[in-house]
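Visitor: here are the coordinates; sequence isn't available:
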RNA sequence: GUGGGCGUAGCUCAGCCGGUCAGAGCGCCAGACUGUGGAUCUGGAGGUCGUGGGUUCGAAGCCCAUCGCCCACCCCA
């Protein structure tokens, strides 16, 4: 039986990897511009981090985590990270980054893992680009993080993305929100779906984004979270909106936007591809002023986002941003007769001189070697033949023009370097 | 967890109601007067027809099971 890759994972082959590389380059460059430092945290963490950070009542924790027992006598429970914010918050705490000048701005790119049924744009191992700001409670920080995300898509030439915005309040006003919602839904809970009946107890806010038709209908007259915000949260939200206006970032107010993770406070946003069907969210984020404290630190405000790279790549397929096919070697060295020793040395010389050089490794005929060089898209072919070698020369063929000349061995590298413009 | 579709060479697929049905194109390898590419021609390698049962004189095509992939639901990235 042949072994195949685990469900929901993928092999990124060279051609595809070039698209990833391009995407990652944009990310690194953009983050440098915005003053974010890269952070790389472990692929797995202590399970507790997510239980406490993400929240026990979330879908992620309830059914999507890859959790396993470590080895050893006092083995603890580990989990393949399902998201990036909690780990980064943990690292911020653990490494004492709160002692750095605040705020601290960090970004990451890497794989995340969630056990779920795969389908278009959804995988068990997927990749996110995320950015976080710790130690800034100013709504301008929220705005910057949103601007960074939106600029990223703009740089990629992706159009038509929508920013959806909401505020989910803080420990101050959240209870009020809860109470009003519970009060409202309690009257008609019998008409709601089973999930929402559970939500009413565990997390009433989430009833607001239930996709069931019946629930949609019922919540029509439901109180809106934004109307329940305390003065501080209300002001924060107002200021954020003003900053977004200043930055010319359009947004849709979406009172039903409630993110799936428990740690969010105040700002919550999502970036949507209109009409993309079920997987229409390319990214999302918000403020999480309680997170650092929740995982055992002092109270540090935070705000950030995460974007799905697979979904971004999917968008880039039908639209701008296609990458050219991989260029072939600048020089391909071919042998005619017993000249392999010389050829071996020449390839090394060419590479040492910074030329993209390759050769044949199968011992095939000259004709076959030429054919191979042609398929690779080699710009020049150096033919190391016994006859030429006797005169201290090699033949040099321009594969585009189809012309061929001879050069002395000593001059070959310089000649080719000039030819390819290096 | 639920529902639907599909599984024939590396890839894209033919193969009608069971009886030259194990094929084509592309790709790969090689050859076409002996040391030269991309065009053309010729040849070659490569398949337990996802797997296991069953029906039948006979199954890639029918039945059952199983696995895998894809799509959709829930939820998210």
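Guide: Sure thing, it's come through. This one's a predicted model, so the numbers in the text were calculated from it and none came from an experiment.
Visitor: So for residue A:421, what's the pLDDT?
Guide: On the pLDDT scale, residue A:421 is placed at 88.
Visitor: Now the phi/psi pair for it, please.
Guide: Main-chain dihedrals, residue A:421, degrees, to the nearest 10: phi 80, psi 40.
Visitor: who's in contact with it?
Guide: Counting by Cβ atoms under 8 Å, 6 or more residues apart in numbering, residue A:421 touches no other residue. C-beta here means a position set from N, CA and C on the backbone, and glycine is covered the same way.
Visitor: now residue A:407
Guide: A:393, A:394, A:396, A:415.
Visitor: Name the member of those with the most neighbours.
Guide: Each of these was scored for neighbours by other Cβ atoms under 10 Å, and residue A:394 scores highest at 24 neighbours.
Visitor: which neighbours does whatever helix or strand residue A:268 lives in have in its sheet, and in what orientation?
Guide: Element membership for residue A:268, per DSSP states H and E: strand A:265-272. Paired strands of strand A:265-272, with direction, are strand A:162-167 (antiparallel), strand A:281-287 (antiparallel) (DSSP bridges).
Visitor: Apart from its neighbours in sequence, what residue is nearest residue A:259?
Guide: residue A:268 (4.9 Å; Cβ to Cβ, 6 or more residues apart in numbering).
Visitor: so that neighbour touches residue A:167, yeah?
Guide: Yes: using Cβ atoms under 8 Å, residue A:268 is in contact with residue A:167, at 6.8 Å.
Visitor: out of these two, which sits in the more crowded spot?
Guide: Neighbours per residue, other Cβ under 10 Å: of residue A:268 and residue A:167, the larger number sits with residue A:167, 29 against 24.
Visitor: Count residues in the vicinity of residue A:33, would you?
Guide: Applying other Cβ under 10 Å, we find 10 other residues in the vicinity of residue A:33.
Visitor: So which elements touch the helix or strand where it lies?
Guide: In the assignment (DSSP H and E), residue A:33 maps to helix A:14-34. Contact here means 3 or more Cβ pairs under 8 Å, 6 or more residues apart in numbering; DSSP states H and E; on that basis helix A:14-34 packs against strand A:104-113, strand A:125-134, helix A:139-155, helix A:309-317.
Visitor: now those in JSON lines, with mean neighbour count and mean pLDDT?
Guide: What follows is the helices and strands packed on helix A:14-34, written out as JSON lines (neighbours: other Cβ atoms under 10 Å; pLDDT from 0 to 100):
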{"stretch": "strand A:104-113", "mean neighbour count": "21", "mean pLDDT": "97"}
{"stretch": "strand A:125-134", "mean neighbour count": "24", "mean pLDDT": "96"}
{"stretch": "helix A:139-155", "mean neighbour count": "21", "mean pLDDT": "96"}
{"stretch": "helix A:309-317", "mean neighbour count": "19", "mean pLDDT": "88"}
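Visitor: Would you reformat these as a markdown table and include distance to residue A:282?
Guide: Converted to a markdown table, the helices and strands packed on helix A:14-34 look like this (distance: least, Cβ to Cβ, whole Å):
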| stretch | distance to residue A:282 |
| --- | --- |
| strand A:104-113 | 14 |
| strand A:125-134 | 11 |
| helix A:139-155 | 8 |
| helix A:309-317 | 5 |
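Visitor: Using a markdown table, lay out these together with distance to RNA strand B.
Guide: Putting the helices and strands packed on helix A:14-34 into a markdown table (distance: least, Cβ to the nearest atom of the strand, whole Å) gives the following:
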| stretch | distance to RNA strand B |
| --- | --- |
| strand A:104-113 | 7 |
| strand A:125-134 | 3 |
| helix A:139-155 | 10 |
| helix A:309-317 | 4 |
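Visitor: domain parsing for chain A?
Guide: A:14-173+A:229-317, A:331-419 (automatic domain parsing).
Visitor: Quick check: which of those has the most neighbours on average?
Guide: domain A:14-173+A:229-317 (a mean of 18; mean count of other Cβ atoms under 10 Å).
Visitor: roughly how far out does it sit from the chain middle?
Guide: 10 Å (Cα atoms, centre = their mean, to the nearest Å).
Visitor: Show me which residues of the stretch 51-200 of chain A are close to RNA strand B?
Guide: A:59, A:83, A:114, A:116-124, A:126, A:128, A:195 (Cβ under 7 Å from any atom of the strand).
Visitor: before we move on, the earlier item: quick check, nearest of the contacts of residue A:407 to residue A:37?
Guide: Distance to residue A:37 across the contacts of residue A:407 (Cβ to Cβ) is lowest for residue A:415, with 44.8 Å.
Visitor: and the helix or strand in which the closest one is found with RNA strand B, contact?
Guide: Per DSSP H and E: residue A:415 is located in helix A:409-419. No: using Cβ under 7 Å from any atom of the strand, helix A:409-419 never reaches RNA strand B; the gap is at least 13.9 Å.
Visitor: which residues sit against that helix?
Guide: With contact meaning Cβ under 8 Å, 6+ apart, helix A:409-419 is reached by A:330-331, A:346, A:349-350, A:353-355, A:379-380, A:382, A:392-394, A:396, A:398, A:407.
Visitor: mind checking how far residue A:297 is from RNA strand B?
Guide: As judged by Cβ to the nearest atom of the strand, to the nearest Å, residue A:297 and RNA strand B stand 22 Å apart.
Visitor: check contacts around that residue.
Guide: Here residue A:297 is in contact with A:89, A:92, A:93, A:98 (criterion: Cβ under 8 Å, 6+ apart).
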